[in-house]
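**Q** Quick one: sequence and predicted model below, then my questions.
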Amino acid sequence: MRAQHWLLLCLLATSILCIIAQEDVAGDANSIPDPAAAAEEPPTPAQPKKAKATTAVVLSVGAAEAEVIAASGKRLSRKAADYGQALLDGVSLEAGASIEVTFTPQADGAASKPQQAMLLLQPKAHKGLSAYAVAKARKDGAHVVSLSQALVEKQLGSLGGKLSVTLLLGDPAAPKGVRWELGTVKLPAAEAGLQPSPVYRTALVQPISNVLPNIAHIFRQPDKRPAAAVSLVFTALALAPLALLLLFLLATGGLGLQNFPTGAGSLWALLFHGGIASILVLYWLFWTRLNLAQTLPPALGLGAVTAAVGYKALGALADARLQQERAGVTPAKKGN
């Protein structure tokens, strides 16, 4: 009886093991992929990584302070205002004075340094014109911008009247900038200022370098000259020795022409004396109406021609003297 029980238990255990083995084989067969099916199904694309979300920066400014400084450096007045209020309400900017505007830009409530921080200046009497004053950052995070009449005249010319002043803040990280209308500033009227040309400077088109003004050269006034009578007297005194020499030669007969060359030599002698006379005339023209640049070219030409004909004239005199010596005729020496 016990042997039958053990036999039944062995058969039951064997059946259970066979069933378990068959299930394992079937599972392995199902897990093997079909090559045809694998070729037909495309690979699943990789999911793209989600970009990190960037938070926009909120640009703001809490308050600002304006201080009027005289030309001597004395601080005249100071005023502070919160954002949105009028900081400059008809402040008069005299010649040589300046206005310093101090403010602290903030990004998400903390002090920051935006890429653009400036004042926009627009004259109310001339629509379409504008000037800019760039702010400078300090170590404590505050920004200071100085506004003066010279800065406005450099960009817009000599303008008088009221200018609207607007604070502009901007940064690439902030989708929205800051625009704060601070008020108006009154400039003194220009005495002889020219109206600016809106062709070169407009609110929409601002050149990188404004048109430079024309430079008018003013030469030094010449020194006071003496009266004409004094100049004539000194000129006569300078020419007096020459006149005395001519009178002496005429009185003593020193202008005799008996030794003047004849024949072909006379032509060279006449040309030589004509060249000397031409140079003297050129000197007179230089003293009266010509300048140095106009005098040098003809002086060089006349000098070269006079030297050449003088050489020929001396050669003719030497030939004439040789001919006289060969003929046995010695010219008489003239006594003084």
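**A** Structure received. Numbering: from 1, shown residues only.
**Q** Now stretch 87-105: buried residues?
**A** Neighbour counts over stretch 87-105 (16 or more other Cβ atoms under 10 Å) mark 87-88, 91, 93, 97-105 as buried. No exception for glycine: its C-beta is placed from N, CA and C like everyone else's.
**Q** which two in those are spaced the farthest apart?
**A** Using Cβ to Cβ, those span at most 26.1 Å, a distance reached by Ala97 and Pro105.
**Q** can you list the buried residues of stretch 87-105 in CSV and add secondary structure and pLDDT?
**A** CSV is the format used below for the buried residues of stretch 87-105 (DSSP: H, G, I helix; E, B strand; the rest coil; pLDDT from 0 to 100):
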residue, secondary structure, pLDDT
Leu87, coil, 85
Leu88, strand, 85
Val91, strand, 80
Leu93, coil, 79
Ala97, coil, 84
Ser98, strand, 87
Ile99, strand, 88
Glu100, strand, 90
Val101, strand, 91
Thr102, strand, 91
Phe103, strand, 91
Thr104, strand, 90
Pro105, strand, 90
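**Q** closest to Ala307 among the residues you listed?
**A** Closest to Ala307, out of all of these and judged by Cβ to Cβ, is Ser98, at 71.0 Å.
**Q** What distance do you get for the closest one to Leu151?
**A** Computed as Cβ to Cβ, to the nearest Å, the Ser98 to Leu151 distance reads 8 Å.
**Q** and Ser231, how far is that from Ala308?
**A** 37 Å.
**Q** the strands in the chain, which residues?
**A** 59-69, 75-82, 88-92, 98-107, 110-111, 116-123, 131-134, 136-137, 143-148, 161-170, 178-187 (DSSP state E).
**Q** separation between Leu296 and Thr288?
**A** From Leu296 to Thr288 the distance is 16 Å (Cβ to Cβ).
**Q** neighbour count winner among those two?
**A** Leu296 (12 against 7; other Cβ atoms under 10 Å).
**Q** pLDDT score for that one?
**A** Leu296 carries a pLDDT score of 94 in this model.
**Q** Over to the one 5 residues further on?
**A** Reading off the per-residue confidence, Gly301 sits at a pLDDT of 94.
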